[in-house]
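>>> my questions are about this predicted structure, shown below with the sequence.
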Amino acid sequence: MGSVHAYQAAKGRRYEARYRKPNGKQGAKRGFTRKRDAEIWLAEIETSRAKGSFIDPQAARATVDMLGPIWIEAKRHSMKPSSFAPVETAWRLRVQPKWGGWEVADIRHTDIRAWVAELTQSTGATVTIRTFGVLASILDDAVYDGRIAVNPARVGRIGLPRKSRGRHVYLTHEEVFRLARAAGDRKLLVLVLAYTGIRWGEAVALRVDDIDFERGRFRIRRNAVEVHGKIHVGTPKSHTGRAVPVPKFLLDQLAIALQGRSRHDLALPGVDGGYLRRTRSDDGSRSWFKTALATAELPNMTTHDLRHTAASLAVQSGANVKTIQRMLGHTSAAMTLDVYSDLFDEDLDAVSKRLDKGARKVGVDKLF
């Protein structure tokens, strides 16, 4: 059982509530001006212990500045560098400056909701959602550690903005070849991206022995991403490898380009034989990709949009959803459908036409 004791402070008589923690150690809270207030507080502590919902008042005084770096370090080791970089930026630029000095027990749902509303006005949906996620996850850890009973970021409506999905840019075969011609020395890279759908990092990490010329496949086993000027090589985004079909015309061109190369050499290297760094020109000037787009008189797009083009061309060739899922390395066919639902609109039209044809075959007109 706990107890209440009086003591003399500089400003007069004060009361201290002493209690026993679940681990057997003694805790205390001082500064009550009335004995009754100390007794009420102590009764709440005793009740929470009996219910198994005890929160150590001292532990609840931990600040976001104390818990945030621990969470960030854990993420540094569990996330890919390209995924970790924006998370660390969100913590450093937005979460820590706002919440660093707050004790976790003092953070309220309404405080977080107001902050999210401010973020929504000043930055995009993706950054707002990511930044909120950092704070919410740190507070999750506070719950797991028994510092707070409920995460204020996980109850009620926060009012997160919705991400707007822009329209995909799909190039035709003719437009792809126009772009490849305009890309000059990088035409093979353009064709690889547009006809296989592999990611930029997967393309620049591709090595000669990853190409199966007999079966017509790329074995995607690595991903190379540039973060803060440094190349990091790891597993593909899905953490698993995959086999990607490659058209014969592209295999033929690769065979010519790779003559004399070692099996361990990069298949699509930069000018120095190392990893190709995004889309800047060799002299560091304007993006070679933007220049090629302008020369080919094509709409503004990114190299990632060539992945969408690959999906579109595959659908036109008769590929089904499951095949495209495997080709692109999506975790599920549902994800593929969600991203590329617009590519399958013609399938809906075809279904209605086939149903109509089948019904007319058996004489549906005679029913009416």
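Thanks, I have it.

>>> which stretches of this protein have low pLDDT?
The chain contains residues with pLDDT under 70 at 1, 22-23, 49-55, 279-286, 345-351, 364, 367.

>>> ok, longest helix in it?
helix 125-144 (DSSP state H).

>>> what helices or strands is that one leaning on?
For helix 125-144, the packing partners by 3 or more C-beta pairs under 8 Å, 6 or more residues apart in numbering; DSSP states H and E come out as helix 64-78, helix 81-90, helix 109-122. For glycine as for every other residue, the C-beta is placed from the backbone atoms N, C-alpha and C.

>>> nearest to residue 143, of those?
Among the helices and strands packed on helix 125-144, the nearest to residue 143 by C-beta to C-beta is helix 64-78 (11.0 Å).

>>> show me which positions of the closest one end up buried.
For helix 64-78, the neighbour count (16 or more other C-beta atoms under 10 Å) marks 64, 67-68, 71-72, 75 as buried.

>>> roughly how far apart are the residue positioned nearest the centre of the chain and residue 56?
By C-alpha atoms, centre = their mean, the chain has its centre lying nearest to residue 83, at 6.3 Å. Plainly put, residue 83 is 34 Å away from residue 56 if you go by C-beta to C-beta, to the nearest Å.

>>> helix, strand or coil for residue 16?
The three-state assignment at residue 16 reads strand, by DSSP: H, G, I helix; E, B strand; the rest coil.

>>> equivalent analysis for the one 3 residues further on, please.
Counting by three-state DSSP, the backbone at residue 19 sits in strand.

>>> ok, the residue lying closest to it once chain neighbours are set aside - contacts?
Residue nearest to residue 19 in three dimensions, not counting chain neighbours: residue 2, with 3.9 Å by C-beta to C-beta, 6 or more residues apart in numbering. For residue 2, the contacting residues are 17-20, 42, 45-46, by C-beta atoms under 8 Å, 6 or more residues apart in numbering.

>>> who wins for most neighbours among those residues?
Of all the contacts of residue 2, residue 17 has the most neighbours under the rule other C-beta atoms under 10 Å, reaching 25 neighbours.

>>> what residues are bridge-paired with that one?
residue 4, residue 29 (DSSP bridges).

>>> wouldn't it be in contact with residue 42 here?
Yes. Counting by C-beta atoms under 8 Å, residue 17 touches residue 42, with 4.2 Å between them.

>>> what touches both of these two?
Common contacts of residue 17 and residue 42 (C-beta under 8 Å, 6+ apart): 2-4.

>>> closest one of the residues you listed to residue 322?
Distance to residue 322 across the shared contacts of residue 17 and residue 42 (C-beta to C-beta) is lowest for residue 2, with 63.1 Å.

>>> tell me the buried residues in the longest helix of the chain?
Quick answer for helix 125-144 (16+ other C-beta under 10 Å): 127-132, 134-139, 141-143.

>>> elements contacting the helix or strand just after it?
Downstream of helix 125-144, the first helix or strand assigned by DSSP states H and E is helix 173-182. Applying 3+ C-beta pairs under 8 Å, 6+ apart, we find helix 173-182 packed against helix 187-196, helix 288-296, helix 305-316.

>>> among those helices, which comes closest to residue 104?
helix 305-316 (41.4 Å).

>>> check which element follows the closest one along the chain.
helix 321-328.

>>> chain center to that following helix: distance?
Computed by C-alpha atoms, centre = their mean, to the nearest Å, the chain-centroid distance of helix 321-328 equals 20 Å.
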